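Participant: Quick one, fold the following:
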Amino acid sequence: MLRLIALILCLTAPMAHAGKVALVIGNSAYLHTSPLPNAATDAADMAERLAGLGFDVYGGTDMDRQTTLEAVDTFSRALSPEDLALFYYAGHGAQIGTENYIIPVDVQASDEVSLTEASVRLQTILRTMELRADRRIVILDACRNNPFVEAVASRSGGEAPRGLARVEAGVGSYIAFSTQPGNVALDGDGRNSPFTTALLAHIGEPGLDIHAVMRRVRGDVVAATGETQVPWENSSLVDEVFLAVTDAPRPTPEPAAEPVAEPQTAQYHYVGGLDPNGDGFLALRTGTSANAQRIAKMPEGTPLQVLGSEGIWYYVRLPDGSEGWAHSNWIRCCTGGNAPRPRTEPTATATCDSLWYERNTIWASYGYCFTSPRGIAAFGNDGCFRNQTQAQAAMSGQQRAMVDRIKAMEAAQGCR
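Facilitator: Numbering: from 1, shown residues only. As a prediction, the model looks like this:
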């Protein structure tokens, strides 16, 4: 059921600079032990909640190992670096040694080796997210009494570990556990566990970053369980992350001193002067602070309109209609005229003139100061600030590759 919902969401979700993509798994119907009462409904309700917050949701309920691995792969391929990636799991999890494992519904294990081979290593999922997305949230409602671990421990004469092990993750990660280390979480008597009940209540509250959400969740769970269960978290986030985004305040334009007789052609500023050895982008944010939520990443040459200002911050609009605040230090004026056309791959039937224009439009967008009469006539040098080496260094690898492909097409056609 969840997989069908995920497909529909992916087909209809609007394109965005910074997408939100979630993998949601809930396992209740274990084949070789008693079922968990509400893990599947926890996941189903969380998937619906996240979809309502604009996430593309993948995953499912009561998944075996193979289906789980396929869901992780599909989720991974849907991610891009600017996305917010979220993984939610409800069900049995196991700490074996220093590692944590997600336990599918078809697990049948007699010892630690067979248990690890039949399960899915949590660190594998985390590593996949780290490689694909800059911001990552992991929520685990899996610290429950685990019959698999208890059975293995009893056969080996040892003691079963309680809960899950501490998880280490790279910068940009946030990991939430339903209870503190060394403790087990309650399943609850209703439709959802105490942890997921609180999470569903607060995760969509506007204006709260993930840390603030979890503080409210923690308070609810502590109260509901008589202080026996305390949700825990481990964070290496650099920026605030909001799951429910409120609209950015738009500055009120000042009235014109006198009526404008005719509409003026919009002037397009652009992102310029970024450090090639830095992050490689200027952040579009919801407010006039480096701590405000990041809406999008704007690489070198991104065209934009300046709609207003507040101190050193500009309120800007991108060609796709996105609006927000950006630091004025890295905004240059001006491309002038109409909005620059998005760069698309030239076709095999493109003429020499169109290829030349496509190639040099890329150079112009990176602040290149033209030296040829033809380049100056077509693009002008107003506001330019880079020589060829500097402009090429500022380009993304994708843009440099496109320039090379266009030059190859020009050579093949004998263009001069």
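Participant: Just the C-alphas of the longest helix seen in the chain, formatted as PDB.
Facilitator: With secondary structure taken from DSSP state H, the chain has its longest helix at helix 397-413. Extracted in PDB, the C-alpha atoms of helix 397-413 (Å, rounded to 0.1, in the frame of the first residue of the first chain):
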ATOM      1  CA  GLY A 397      31.800  20.500 -13.400                       C
ATOM      2  CA  GLN A 398      28.600  20.100 -15.300                       C
ATOM      3  CA  GLN A 399      28.900  23.600 -16.900                       C
ATOM      4  CA  ARG A 400      32.500  23.000 -17.900                       C
ATOM      5  CA  ALA A 401      31.500  19.700 -19.400                       C
ATOM      6  CA  MET A 402      28.800  21.400 -21.400                       C
ATOM      7  CA  VAL A 403      31.200  24.000 -22.700                       C
ATOM      8  CA  ASP A 404      33.500  21.200 -23.900                       C
ATOM      9  CA  ARG A 405      30.700  19.400 -25.600                       C
ATOM     10  CA  ILE A 406      29.600  22.600 -27.400                       C
ATOM     11  CA  LYS A 407      33.100  23.200 -28.600                       C
ATOM     12  CA  ALA A 408      33.300  19.700 -29.900                       C
ATOM     13  CA  MET A 409      30.100  20.200 -31.800                       C
ATOM     14  CA  GLU A 410      31.400  23.400 -33.200                       C
ATOM     15  CA  ALA A 411      34.600  21.700 -34.300                       C
ATOM     16  CA  ALA A 412      32.600  18.800 -35.900                       C
ATOM     17  CA  GLN A 413      30.600  21.400 -38.000                       C
END
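Participant: which other helices and strands contact it?
Facilitator: helix 352-365 (3 or more Cβ pairs under 8 Å, 6 or more residues apart in numbering; DSSP states H and E). In short, each C-beta sits where N, CA and C put it, glycine included.
Participant: list the buried ones in the helix or strand following the helix it packs on?
Facilitator: Later in the chain than helix 352-365, the nearest helix or strand by DSSP states H and E is helix 373-379. By 16 or more other Cβ atoms under 10 Å, the buried positions in helix 373-379 come out as 375, 379.
Participant: Now do the end-to-end distance for stretch 84-100.
Facilitator: Distance between the two ends of stretch 84-100: 23 Å, counting by Cα to Cα, to the nearest Å.
Participant: Distance from that stretch to the middle of the chain?
Facilitator: Offset of stretch 84-100 from its chain centre (Cα atoms, centre = their mean, to the nearest Å): 19 Å.
Participant: now stretch 293-313
Facilitator: 19 Å.
Participant: Same question for stretch 358-378.
Facilitator: Taking mean C-alpha positions (Cα atoms, centre = their mean), stretch 358-378 and its chain are 34 Å apart.
Participant: now the end-to-end length of that stretch.
Facilitator: 12 Å.
Participant: what does that stretch rub up against?
Facilitator: 270, 272-273, 300-301, 303, 332, 335, 340-341, 343, 346, 350, 357, 379, 381, 383-388, 390-392, 394-395, 399, 402-403, 406-407, 410 (Cβ atoms under 8 Å, 6 or more residues apart in numbering).
Participant: Which PyMOL command selects the buried ones in these?
Facilitator: Per 16+ other Cβ under 10 Å, the buried members of the contacts of stretch 358-378 correspond to this PyMOL selection:
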select buried, resi 270+272+300+301+303+332+335+340+346+350+357+379+384+386+391+392+394+395+399+402+403+406+410
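Participant: Counting only strands, which of the contacts of stretch 358-378 make the cut?
Facilitator: 270, 303, 332 (DSSP state E).
Participant: Distance of the second one relative to W356?
Facilitator: Distance of P303 to W356, given as Cβ to Cβ, to the nearest Å: 20 Å.
Participant: same check, this time on D279
Facilitator: Taken as Cβ to Cβ, the span from D279 to W356 is 32 Å.
Participant: likewise V241?
Facilitator: 44 Å.
Participant: Repeat that for R294.
Facilitator: 37 Å.
Participant: who has more neighbours, these two?
Facilitator: The neighbour count for R294 versus W356, taken as other Cβ atoms under 10 Å, is higher for R294 (24 against 19).
Participant: Contact partners for that one?
Facilitator: 18, 239, 283-285.
Participant: Try it again at 6 Å.
Facilitator: 239, 283, 285 (Cβ atoms under 6 Å, 6 or more residues apart in numbering).
Participant: Can you dump the C-alpha atoms of stretch 172-188 in CSV for me?
Facilitator: Provided in CSV are the C-alpha atoms of stretch 172-188 (Å, rounded to 0.1, in the frame of the first residue of the first chain):
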residue,chain,number,x,y,z
GLY,A,172,24.6,17.2,8.5
SER,A,173,23.0,14.3,10.3
TYR,A,174,20.3,14.2,13.0
ILE,A,175,19.4,10.9,14.7
ALA,A,176,16.5,10.5,17.1
PHE,A,177,15.8,7.4,19.2
SER,A,178,12.5,6.7,20.9
THR,A,179,14.3,6.2,24.2
GLN,A,180,17.6,6.7,25.9
PRO,A,181,20.6,4.4,25.4
GLY,A,182,20.3,1.1,27.3
ASN,A,183,16.5,1.3,27.6
VAL,A,184,13.6,-0.2,25.7
ALA,A,185,10.6,1.8,24.4
LEU,A,186,7.0,1.0,25.0
ASP,A,187,4.6,-0.2,22.3
GLY,A,188,1.6,1.5,23.8
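Participant: Residues in a beta bridge with the closest residue to L304 other than its chain neighbours, which ones?
Facilitator: Take L304 and drop its neighbours on the chain: the residue closest to it by Cβ to Cβ, 6 or more residues apart in numbering is V316, 4.4 Å away. Going by DSSP bridges, V316 is paired in beta bridges with V306, G324.
Participant: Provide a list of residue ranges in the stretch 101-250 of the chain with pLDDT below threshold.
Facilitator: Counting by pLDDT under 70, the ranges of the stretch 101-250 of the chain that qualify are 143-169, 181-182, 185, 187-188, 245-250.
Participant: And the strands in it, which stretches?
Facilitator: For the stretch 101-250 of the chain, applying DSSP state E, counting those that start in this stretch gives strands covering 120-121, 135-141, 173-177, 232-235.
Participant: Redo those strands as TSV? Include mean neighbour count.
Facilitator: Output for those, formatted as TSV (neighbours: other Cβ atoms under 10 Å):
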stretch	mean neighbour count
strand 120-121	18
strand 135-141	25
strand 173-177	23
strand 232-235	16
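Participant: Any chance of those in JSON lines with distance to V213 as columns?
Facilitator: Below are the strands of the stretch 101-250 of the chain laid out as JSON lines (distance: least, Cβ to Cβ, whole Å):
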{"stretch": "strand 120-121", "distance to V213": "26"}
{"stretch": "strand 135-141", "distance to V213": "10"}
{"stretch": "strand 173-177", "distance to V213": "9"}
{"stretch": "strand 232-235", "distance to V213": "10"}
